[in-house]
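*Asks:* mind looking at a prediction? Sequence and model below.
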Amino acid sequence: MCIILALLAAVHYQPTGAERQPDNLVIIDGAVIDADLLARELAGKPDTRVTVLPAGETSLESIADLAARMENLRSLHIISHASAGRLEFGGRSYGEADLNQSRSHLGRIGAALRPDGDI
């Protein structure tokens, strides 16, 4: 029984357009240790969609693509590695200059958030 429940919890549920969109989006870089375990733990949170992006494939563009499918999000959480002044995901490190060059992706992410939305 426990194995069946664990397998069911591991299945990523994609709601149809007729269902209510979640208020929160959590994106986990697959390079994070125990990313799948973390995703299963967070998947039970109400009004939250959790997605694990494959290690090495997480980028601002892929995050923007996911966010662009949603609207009026209360929050977007990105779980990855970081260091002082740098975001690290997908095997790439993003500093201030990189973020300035990625304005179009950041704009798409921002457009998915409600006016008081939080990243």
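*Replies:* Structure's in. What do you need?
*Asks:* just checking, residue 90 touches residue 32?
*Replies:* No. In this structure, residue 90 is not within contact of residue 32 by CB atoms under 8 Å, at 11.3 Å. For glycine as for every other residue, the C-beta is placed from the backbone atoms N, C-alpha and C.
*Asks:* let me see the ranges of the strands in this structure.
*Replies:* According to DSSP state E, the chain carries its strands in the segments 24-29, 48-53, 73-79, 81-83, 86-89, 92-94, 113-118.
*Asks:* compare neighbour counts for residue 90 and residue 32 and give me the winner.
*Replies:* Neighbours per residue (other CB atoms under 10 Å) separate residue 90 from residue 32, with residue 90 holding more: 21 against 18.
*Asks:* next one: phi and psi at that one?
*Replies:* Main-chain torsions, residue 90, degrees, to the nearest 10: phi 60, psi 30.
*Asks:* how close does the most centrally placed residue in the chain sit to residue 73?
*Replies:* What sits nearest the mean C-alpha location of the chain, by CA atoms, centre = their mean, is residue 27, with 1.6 Å. According to CB to CB, to the nearest Å, residue 27 stands 11 Å off from residue 73.
*Asks:* one more: residue 21?
*Replies:* 8 Å.
*Asks:* more neighbours: those two, which one.
*Replies:* residue 73 (21 against 14).
*Asks:* how close does that one sit to residue 117?
*Replies:* 6 Å.
*Asks:* count of residues packed around residue 42?
*Replies:* 16.
*Asks:* same check, this time on residue 67
*Replies:* Neighbour tally, residue 67, other CB under 10 Å: 22.
*Asks:* please apply the same query to residue 113.
*Replies:* Neighbour tally, residue 113, other CB under 10 Å: 19.
*Asks:* which ones are touching it?
*Replies:* 67, 72, 73, 74, 75, 76, 119 (CB atoms under 8 Å, 6 or more residues apart in numbering).
*Asks:* no further queries at this time; thank you.
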